[in-house]
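> using only what follows, build the 3D model:
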Amino acid sequence: QVQLVESGGGLVQAGGSLRLSCAASGRTFSTYAMGWFRQAPGKEREFVAAVTARSGRTFYADSVKGRFTISRDNAQNTVYLQMNSLKPEDAAVYYCAASSQVPTGTPSRYDYWGQGTQVTVAS
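Coordinates of the predicted model:
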């Protein structure tokens, strides 16, 4: 069982930055691939970024590539999402998720989810 708690969301001006954190409970964090997803009102949950369990290989949605960076600290049981050059269309509830499988952009392949953190981008 893995419990995930996101933090770091808030209100930021367009062009600004935020760093989201996701703290995980449990001693098996390092065995899970981790992903970030987001969901805006009236839209489906969409993939943002993912990182493999041990090698730290990363994957990004085209919409955030070059602006967002996912990283993990297995010693701290935490995964991060550094978001730079934020745009109004980045506004959403951001969720972190853990997968026992190879990182993927498909939400159904993830086993555990956090409660989400709101990101609002003012234009």
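
> you'd agree residue 11 is in a strand?
Yes - Residue 11: assigned to a strand according to DSSP: H, G, I helix; E, B strand; the rest coil.

> in three-state terms, label the residue nearest to it when sequence neighbours are not counted for me.
Distances taken as CB to CB, 6 or more residues apart in numbering put residue 120 closest to residue 11, at 4.6 Å, once the chain neighbours are dropped. In short, each C-beta sits where N, CA and C put it, glycine included. Of the three states, residue 120 takes strand under three-state DSSP.

> identify the residues contacting residue 120.
By CB atoms under 8 Å, 6 or more residues apart in numbering, residue 120 lies in contact with 9-12, 91.

> for residue 1, see how far away it is.
31 Å (CB to CB, to the nearest Å).

> would you mark the buried spots in stretch 59-67?
Residues of stretch 59-67 classed as buried: 59-61, 64 (neighbour count, 16 or more other CB atoms under 10 Å).

> show me the residues you listed that map onto strands.
59-60 (DSSP state E).

> closest to residue 19 among the buried residues of stretch 59-67?
residue 64 (13.9 Å; CB to CB).

> touching, the closest one and residue 49? I think so.
Yes - the pair residue 64 / residue 49 is scored as a contact, 6.6 Å apart, by CB atoms under 8 Å.

> what is the nearest of the contacts of residue 120 to residue 33?
Using CB to CB, the contacts of residue 120 come closest to residue 33 at residue 9, 22.2 Å.

> quick one: the closest residue to the closest one other than its chain neighbours from residue 56, how far?
Leaving out its chain neighbours, the residue that sits closest to residue 9 by CB to CB, 6+ apart is residue 117, at 3.4 Å. Separation of residue 117 from residue 56 (CB to CB): 23 Å.
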